[in-house]
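S.K.: Need the 3D shape of this:
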Amino acid sequence: MLAWANPMQAFHVFGDGRRKSRVVKAADPSRTRLTIRQVADELQCSEKTVWRWIKAGDLVAQRAGKGWRIHRNAIEGFLAKQQQVRKSRGRQVQRRPRRLRAV
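M.R.: Prediction:
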């Protein structure tokens, strides 16, 4: 049986009452993995949109059991890339007008 004394330390209680403690490392926020629903909630979009980004190859996801998980680093990279695309669109060169056809 695993019992928690505090969030950073866990100990195992044996049948005869002995305890063996071990330190549990705190989860690194950059290495946390989120579900599709959690990503959709965080980015304020639909799950369908997140699936489109994954299928297009814009957002990297990994299969974990029956579900899919996305690393927080992948989300941050995706957002940075989207921001660069938006900035570059603002600087587009003005297009030349199409040729007119004589009728």
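
S.K.: Show me how the record splits this protein into domains.
M.R.: 1-27, 32-88 (automatic domain parsing).

S.K.: Just send these back as TSV, with mean neighbour count too.
M.R.: All C-beta atoms are positioned from the backbone trio N, CA, C, and that covers glycine. Putting these into TSV (neighbours: other CB atoms under 10 Å) gives the following:
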stretch	mean neighbour count
domain 1-27	9
domain 32-88	14
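
S.K.: Going by mean pLDDT, which of these comes out lowest?
M.R.: Mean pLDDT is lowest for domain 1-27 out of the domains of the chain, coming in at a mean of 58.

S.K.: Residue 68 reaches residue 62, doesn't it?
M.R.: Yes - using CB atoms under 8 Å, residue 68 makes contact with residue 62 at a distance of 6.9 Å.

S.K.: Residue 64 - nearest residue in space that isn't next to it in sequence?
M.R.: Using CB to CB, 6 or more residues apart in numbering and skipping residues adjacent in sequence, the residue nearest residue 64 is residue 33, 7.1 Å away.

S.K.: Pull the contacting residues for that neighbour.
M.R.: 62, 64, 69-72 (CB atoms under 8 Å, 6 or more residues apart in numbering).

S.K.: try residue 59
M.R.: By CB under 8 Å, 6+ apart, the neighbours of residue 59 are 39, 50, 53, 70, 74-75, 78.

S.K.: Next: residue 75.
M.R.: Residue 75 touches 34, 39, 42-43, 59, counting by CB under 8 Å, 6+ apart.
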